[in-house]
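A.B. asks: Have a look at this prediction, sequence included:
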Number of protein chains: 2
Amino acid sequence: MAQQHDPRQNRLLGALPRDEYQRLMPSLERVELKLGESLAESGKVMRHVYFPTDSIVSLLCVMEDGDSTEIAVVGAEGIVGISLFMGGETTPSRAIVQSAGGAYRLKGELLKDEFDHASTLQHLLLRYTQALITQMAQTAVCNRHHSLDQQLCRWLLLSLDRLPTDELVMTQELIANMLGVRREGVTESAGKLQKAGLISYHRGHISILDRPGLEARVCECYGVVKKEYDRLLSYHRPG
Amino acid sequence: MAQQHDPRQNRLLGALPRDEYQRLMPSLERVELKLGESLAESGKVMRHVYFPTDSIVSLLCVMEDGDSTEIAVVGAEGIVGISLFMGGETTPSRAIVQSAGGAYRLKGELLKDEFDHASTLQHLLLRYTQALITQMAQTAVCNRHHSLDQQLCRWLLLSLDRLPTDELVMTQELIANMLGVRREGVTESAGKLQKAGLISYHRGHISILDRPGLEARVCECYGVVKKEYDRLLSYHRPG
DNA sequence: GCGCTTCTGTGCGTTAGCGTACATACTTAG
DNA sequence: CTAAGTATGTACGCTAACGCACAGAAGCGC
């Protein structure tokens, strides 16, 4: 099943012209990311960048007291490890696997070489980074202005957009960590959504039953982010 | 007083090697930014990028109902208009002058040309962008976890770091818009700081009396951002 | 001076989310 | 089958921030 494990399932890799892709391909190493696995720690230099194919990675800000908040989420449309090509080498945030699945990794130096070559990859990565910035900015706004109910809808939809299925493997406790709120608050908000027939969940498994229903409840933040991703990452797949 | 109007007061321009600076210099146009002036609107293409020297510019996310939140602040250490070299051309955010003063602007195409030339400027701008990302991420965390008192301290200190003086020209109403809170809340928090002798304010003018006192009250977010700016933007000023 | 606007202060009642404590499942290991 | 561990449900008081309403106070135009 070579097709099931194609690096080009990652949209950044998939958008590369043939020659650039072939230059990188031999160095791409498939890895299986486990739920909760850490790909980057605050202040530590990453050795690889990761291109998720069917996994999701959360970027988290961790505070001194251990509380954390998700500032962005990365799936098959993106890359984990932007600091390696942005030049800073490290970031103060942490990258945790939110949904287990496959990814391809690449040694940091190799990516940097290709990036500095003013390649197509450079343009893709910069546009992607700009989309990521939009996501972070909108997260900041959402944290200030919107109810937990709305934020939960946003989180579910953003995650859903990055998954092939309609089911998330995720406890309310973990969602609470992502959103930076109490677990009980998530229980309450998720309960509302379940009563409304939009989702159903059961011990760490959440099924989305009515996506349009979620979209009707979500705050504008979701739309702003989605629109910007669509705009910035609408690649023309090379022949 | 040529020295008072030197583009190199902006730290990005100041960190350029001689040849790159001289290539840009003739195209740099000094402008005076007025309080409240808009340099960028959501979704609109900017014609110039701005390098503040002694002004401060806020990047704001504006929502459908008109409420806004500051997601980052740019002073002499930075540039306004990253989307022009990141490749997206536009952003969903708005850039508003928070403190009147000087800046140098440059046509977008000229900056893009220099950037694509894999120059020192490119490296500087990418590192700066990474610092900006850190600021946005920390803003998101702060919005979720910290009290208005702490956020006000953070905001004052971040602004102060970008100004030559210890006085801000800023009403409580405007600060509330920046922080995305009620004006009354700012009145209350600022009142506490004034009672504690840390600041004094009077009809739109805020003087910082005790900076260490503010630093003792601020949340960790300020330190995280400052440290990351220092790390990423510690240029070796060329000879 | 006078009137208008802007800026700041203050006092409500209301609400969202927190902290805590505990109850009730369901799941897995033994 | 039982026990331990994990996931979810619920309740109660507390606090920060909200929305609203209005009162002073300082500056500005005339």
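C.D. replies: Done, it's in. Since this is a predicted model, take the numbers as computed values, not measurements.
A.B. asks: Only C-alpha atoms from now on, for both contacts and neighbour counts.
C.D. replies: Noted.
A.B. asks: Centre of the chain to the longest helix seen in chain A, how far?
C.D. replies: When chain A is parsed with DSSP state H, its longest helix is helix A:120-145. The chain centroid and the centroid of helix A:120-145 are separated by 11 Å under CA atoms, centre = their mean, to the nearest Å.
A.B. asks: buried set for it?
C.D. replies: A:121-145 (16 or more other CA atoms under 10 Å in any protein chain shown).
A.B. asks: residues in contact with the most far-flung residue of chain A relative to its centre?
C.D. replies: Going by CA atoms, centre = their mean, the residue of chain A most distant from its centre is A:Lys195, 28.0 Å out. With contact set as CA atoms under 8 Å, 6 or more residues apart in numbering or on different chains, A:Lys195 has no partners.
A.B. asks: what separates it from A:Leu209, distance-wise?
C.D. replies: 12 Å (CA to CA, to the nearest Å).
A.B. asks: With A:Met46 instead?
C.D. replies: 38 Å.
A.B. asks: ditto for A:Gln130
C.D. replies: Counting by CA to CA, the gap from A:Gln130 to A:Leu209 is 32 Å.
A.B. asks: same deal with A:Cys142?
C.D. replies: 24 Å.
A.B. asks: now do A:Ala216
C.D. replies: Counting by CA to CA, the gap from A:Ala216 to A:Leu209 is 14 Å.
A.B. asks: try A:Leu132
C.D. replies: Taken as CA to CA, the span from A:Leu132 to A:Leu209 is 28 Å.
A.B. asks: Likewise for A:Val141?
C.D. replies: In terms of CA to CA, A:Val141 sits 28 Å off from A:Leu209.
A.B. asks: In this structure A:Leu13 contacts A:Gln22, no?
C.D. replies: No - using CA atoms under 8 Å, A:Leu13 is not in contact with A:Gln22; the gap is 10.3 Å.
A.B. asks: Which one of the two is surrounded by more residues?
C.D. replies: A:Leu13 (24 against 11; other CA atoms under 10 Å in any protein chain shown).
A.B. asks: quick one: contacts for A:Tyr128?
C.D. replies: A:Tyr128 sits next to A:78, A:229, A:232-233 when contact means CA under 8 Å, 6+ apart.
A.B. asks: hmm, which two among those are most spread apart?
C.D. replies: With CA to CA as the measure, no two of the contacts of A:Tyr128 lie farther apart than A:Gly78 and A:Leu232, at 11.6 Å.
A.B. asks: Between the two, tell me which one has more neighbours.
C.D. replies: A:Gly78 (27 against 20).
A.B. asks: Can you verify my assumption that the more buried one contacts A:Leu13?
C.D. replies: No - taking contacts as CA under 8 Å, A:Gly78 lies outside contact range of A:Leu13: 9.1 Å.
A.B. asks: list the residues that contact both of these two?
C.D. replies: A:Phe51.
A.B. asks: ok, now how distant is the residue nearest to the spatial centre of chain A from DNA strand D?
C.D. replies: By CA atoms, centre = their mean, chain A has its centre lying nearest to A:Val74, at 1.6 Å. In this view, A:Val74 and DNA strand D are 22 Å apart by CA to the nearest atom of the strand, to the nearest Å.
A.B. asks: same thing with A:Gln22?
C.D. replies: Counting by CA to the nearest atom of the strand, the gap from A:Gln22 to DNA strand D is 41 Å.
A.B. asks: swap in A:Gly87?
C.D. replies: In terms of CA to the nearest atom of the strand, A:Gly87 sits 35 Å off from DNA strand D.
A.B. asks: what sits against the residue nearest to that residue when sequence neighbours are not counted?
C.D. replies: Distances taken as CA to CA, 6 or more residues apart in numbering or on different chains place B:Arg127 nearest to A:Gly87, at 5.5 Å, with adjacent residues excluded. Residues counted as contacts of B:Arg127 (CA under 8 Å, 6+ apart) are A:86-88, B:232-233.
A.B. asks: cutoff 10 Å now
C.D. replies: A:83, A:85-89, B:121, B:133, B:229, B:231-233 (CA atoms under 10 Å, 6 or more residues apart in numbering or on different chains).
A.B. asks: which one of those residues sits closest to B:Phe51?
C.D. replies: B:Leu121 (12.8 Å).
A.B. asks: In this structure that closest one contacts B:Ala15, no?
C.D. replies: Yes - judged on CA atoms under 10 Å, B:Leu121 makes contact with B:Ala15 at a distance of 8.5 Å.
A.B. asks: Please identify every residue contacting each of those two.
C.D. replies: With CA under 10 Å, 6+ apart, B:Leu121 and B:Ala15 have common neighbours B:Tyr21.
A.B. asks: Any buried residues in whatever helix or strand A:Ser159 lives in, and which?
C.D. replies: Using DSSP states H and E, A:Ser159 sits within helix A:148-161. Buried residues in helix A:148-161, counted by 16+ other CA under 10 Å: A:148-160.
A.B. asks: Let's see it as PDB, backbone CA atoms only.
C.D. replies: What follows is helix A:148-161 as a C-alpha-only set of coordinates in PDB (Å, rounded to 0.1, in the frame of the first residue of the first chain):
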ATOM      1  CA  LEU A 148     -16.400  28.300  26.300                       C
ATOM      2  CA  ASP A 149     -19.300  26.800  24.300                       C
ATOM      3  CA  GLN A 150     -18.100  28.700  21.300                       C
ATOM      4  CA  GLN A 151     -14.500  27.900  21.800                       C
ATOM      5  CA  LEU A 152     -15.200  24.200  22.100                       C
ATOM      6  CA  CYS A 153     -17.000  24.300  18.800                       C
ATOM      7  CA  ARG A 154     -14.100  26.100  17.200                       C
ATOM      8  CA  TRP A 155     -11.700  23.600  18.600                       C
ATOM      9  CA  LEU A 156     -13.800  20.600  17.400                       C
ATOM     10  CA  LEU A 157     -14.100  22.100  13.900                       C
ATOM     11  CA  LEU A 158     -10.400  23.000  13.600                       C
ATOM     12  CA  SER A 159      -9.500  19.500  14.700                       C
ATOM     13  CA  LEU A 160     -12.100  17.900  12.400                       C
ATOM     14  CA  ASP A 161     -10.800  19.800   9.400                       C
END
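A.B. asks: touching chain B at all, that helix?
C.D. replies: No - figure legend: helix A:148-161 not in contact with chain B (CA under 10 Å from any CA of the partner chain); closest approach 11.1 Å.
A.B. asks: The next helix or strand after that helix - contacts with which helices or strands?
C.D. replies: On the C-terminal side of helix A:148-161, the closest following helix or strand by DSSP H and E is strand A:167-169. The elements that strand A:167-169 packs onto, with contact taken as 3 or more CA pairs under 10 Å, 6 or more residues apart in numbering or on different chains; DSSP states H and E, are strand A:94-99, helix A:148-161, strand A:199-202, strand A:205-208.
A.B. asks: Can I get the ones you listed in JSON lines including mean pLDDT and distance to DNA strand C?
C.D. replies: Listed next are the helices and strands packed on strand A:167-169 as JSON lines, based on pLDDT from 0 to 100; distance: least, CA to the nearest atom of the strand, whole Å:
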{"stretch": "strand A:94-99", "mean pLDDT": "96", "distance to DNA strand C": "17"}
{"stretch": "helix A:148-161", "mean pLDDT": "97", "distance to DNA strand C": "4"}
{"stretch": "strand A:199-202", "mean pLDDT": "95", "distance to DNA strand C": "7"}
{"stretch": "strand A:205-208", "mean pLDDT": "96", "distance to DNA strand C": "10"}
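A.B. asks: Please consider this matter closed, and thank you.
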